[in-house]
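Chemist: Let me see the structure of the following:
(2 chains)
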Amino acid sequence: AQKITQTQPGMFVQEKEAVTLDCTYDTSDQSYGLFWYKQPSSGEMIFLIYQGSYDEQNATEGRYSLNFQKARKSANLVISASQLGDSAMYFCAMREANFGNEKLTFGTGTRLTIIP
Amino acid sequence: DSGVTQTPKHLITATGQRVTLRCSPRSGDLSVYWYQQSLDQGLQFLIQYYNGEERAKGNILERFSAQQFPDLHSELNLSSLELGDSALYFCASSVGDGRAADTQYFGPGTRLTVL
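Modeler: Residues are numbered from 1 along each chain as shown, chains lettered A, B, ... in the order given. Below you'll find the predicted structure:
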């Protein structure tokens, strides 16, 4: 069964610093996808970045990058030059690549607070 | 804006009642997913529809049901409501091609409060 673990319930980071949010996963599948979502206090879930299990390069999207270490089964999110608007809950999620089992399995999330 | 719409945004009702949550997927997406987010259970997958047919079921109670209509919008019906059903209900949509990269985009959610 798929499992996602986020061990940091909360983090406080100074504005303009970089921050790393940890995520480890467990799956027996060879083909899978890893996702990060942001949930601001307003409640919506915003897709940030995707990493495929066969991707050799780490994914990047603007200030977001994913530090993918397949052997360690980790997919940490790195936010560079943090901004006040980055304060939110961040969820790591995983899905398998097969029909009929396309659900996302989520971690418990990390609440990030950016300090001015 | 993800392109996924959900109505209503807020819903307050009493125990024992029945409610319907509505979702319209992004243009071109065939798969619709329903998730429940509560403080004690976190984000849980409920059910998935693909092009009008049920494709996968998760931790969905028997009191809950869903369907996807020919125009691809979906409804989640919650009946005999209990206090513990209070949660944020998300709809998400994706192309539904089974690839790992098939990203799910979430709607703004419906916050259900059962009194």
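Chemist: When you work out contacts or count neighbours from here on, use the C-alpha atoms and nothing else.
Modeler: OK.
Chemist: gap between the residue lying closest to residue B:110 once chain neighbours are set aside and chain A?
Modeler: Setting aside the residues directly before and after it, residue B:110 is nearest to residue B:9 in space (Cα to Cα, 6 or more residues apart in numbering or on different chains), at 4.6 Å. As for residue B:9, its distance to chain A is 11 Å (criterion: Cα to the nearest Cα, to the nearest Å).
Chemist: In this structure residue B:9 contacts residue B:109, no?
Modeler: Yes. Residue B:9 is within contact range of residue B:109, at 6.4 Å (criterion: Cα atoms under 8 Å).
Chemist: out of the two, which sits in the more crowded spot?
Modeler: Set residue B:9 next to residue B:109 and count neighbours by other Cα atoms under 10 Å in any protein chain shown: residue B:109 wins out with 29 against 15.
Chemist: residue contacts, the nearest residue to the more buried one once chain neighbours are set aside?
Modeler: Closest residue to residue B:109 apart from its sequence neighbours, by Cα to Cα, 6+ apart: residue B:90 at 4.4 Å. Counting by Cα atoms under 8 Å, 6 or more residues apart in numbering or on different chains, residue B:90 touches B:34, B:35, B:36, B:37, B:106, B:107, B:108, B:109, B:110.
Chemist: quick one: buried residues of the host helix or strand of residue B:90?
Modeler: Assigned by DSSP states H and E, residue B:90 belongs to strand B:87-94. By 16 or more other Cα atoms under 10 Å in any protein chain shown, the buried positions in strand B:87-94 come out as B:87, B:88, B:89, B:90, B:91, B:92, B:93, B:94.
Chemist: what lines up beside that strand in the sheet?
Modeler: Paired with strand B:87-94 in the same sheet, following DSSP bridges, are strand B:31-38 (antiparallel), strand B:105-106 (antiparallel), strand B:110-114 (antiparallel).
Chemist: Measure how far that strand is from the centre of its chain, please.
Modeler: 4 Å (Cα atoms, centre = their mean, to the nearest Å).
Chemist: Spatially central residue for chain B, please.
Modeler: What sits nearest the mean C-alpha location of chain B, by Cα atoms, centre = their mean, is residue B:34, with 2.9 Å.
Chemist: Which residue comes closest to residue A:3 once chain neighbours are left out?
Modeler: In space, and not counting its chain neighbours, residue A:3 is closest to residue A:26: 5.1 Å by Cα to Cα, 6+ apart.
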